[in-house]
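# here is a sequence with its predicted model. Questions after.
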Amino acid sequence: DAQITIGAYLKREDVRDSIVTNNMNVKSLDDLPFGSTIGTSSPRRINYIKNYRPDIKILSIRGNIDTRLKKVKDKKLSSIIIAKAGLNRIKFKDSQLNNFNIPISYIMPAAGQGAIAIVYKANNIKIKEICNKLDHYDTRVKVDAERALINKIGGDCNTPLATIAQIKQNNLQIIGRLFSIDGKSFVEKKIIFPKDKAKEAGIKCACEILKEVNFK
């Protein structure tokens with residue numbers, strides 16, 4: 001069988017995380033009342049919140065977007081954190097729920113957050129040509145860097161790891177943050193490389209993080 005490979009990335013959606021809450025007076029993470037509850041099962045999000053708002057109680061939550069939103073609407077949870085890209089794609093709008101975005105300076109996204117990849121069998125030349133026309137170069141560069149970082153670290157969806165790559169002029173800047181399992185410490189590094197060396201940038205950033213990791 002032919003190898004499955006990524007043929008194209010569509011233009012990336014919003015990379016930020018977003019809070020959906022039934023508290024209509026909240027406009028930011030800082031506004032959440034002391035001791036509020038937030039639903040999330042993401043180790044990345046959990047550790048950011050533990051560091052930024054240790055008073056907040058985190059409850060594990062599973063299910064698709066609609067299931068999670070219904071729990072907030074039914075007041076089974078007061079708030080959830082969810083990818084803004086997911087909300088945008090379902091054209092989320094509900095007068096009974098409040099929604100605001102979290103700046104990436106507060107919580108960095110997961111690798112590839114907001115991106116959609118098209119995969120195909122590598123021996124299918126016709127599909128390859130179509131993918132070449134659909135491929136969004138800037139998205140590919142950024143996601144290649146982020147994926148290289150997470151692969152070098154050996155991370156998966158259970159790893160408390162955040163990363164964001166951004167193009168600044170002809171350079172690519174990538175930032176990565178890896179938390180300890182208990183969330184009490186982290187290592188964060190920033191690397192700037194030419195944007196045609198995206199994967200090398202991600203690997204270099206991962207190596208710089210791993211050099212300083214002394215937690216388990």
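Received, thanks.
# only C-alpha atoms from now on, for both contacts and neighbour counts.
Fine.
# quick one, what contacts Glu13?
Ala85, Gly114, Ala115 (CA atoms under 8 Å, 6 or more residues apart in numbering).
# of those, just the buried ones, PyMOL syntax please.
Here is the PyMOL command that selects the buried residues among the contacts of Glu13 (16 or more other CA atoms under 10 Å):
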select buried, resi 85+114+115
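# from the contacts of Glu13, pick the one nearest Lys57.
Ala85 (24.6 Å; CA to CA).
# any idea how far that closest one lies from Lys197?
Ala85 sits 27 Å away from Lys197, going by CA to CA, to the nearest Å.
# same thing with Leu97?
Applying CA to CA, the value for Leu97 to Lys197 is 43 Å.
# what does Met24 give?
Going from Met24 to Lys197 by CA to CA gives 45 Å.
# please enumerate the helices of the protein.
Along the chain, the segments classed as helices by DSSP state H run 43-52, 65-73, 84-89, 125-134, 137-153, 198-212.
# what is the fifth one packed up against?
Other helices and strands packing on helix 137-153, by 3 or more CA pairs under 8 Å, 6 or more residues apart in numbering; DSSP states H and E, are strand 4-9, strand 161-168, strand 171-179, helix 198-212.
# strands paired with the first one, and their directions?
Spelled out, it's strand 4-9. strand 117-121 (antiparallel) (DSSP bridges).
# and what of the third one?
Strands flanking strand 171-179 in the sheet, each with its direction: strand 161-168 (antiparallel), strand 186-194 (antiparallel) (DSSP bridges).
# buried ones in the longest one, by neighbour count?
Right, strand 186-194. Residues Phe186, Val187, Glu188, Lys189, Lys190, Ile191, Ile192, Phe193 are the ones in strand 186-194 that count as buried (16+ other CA under 10 Å).
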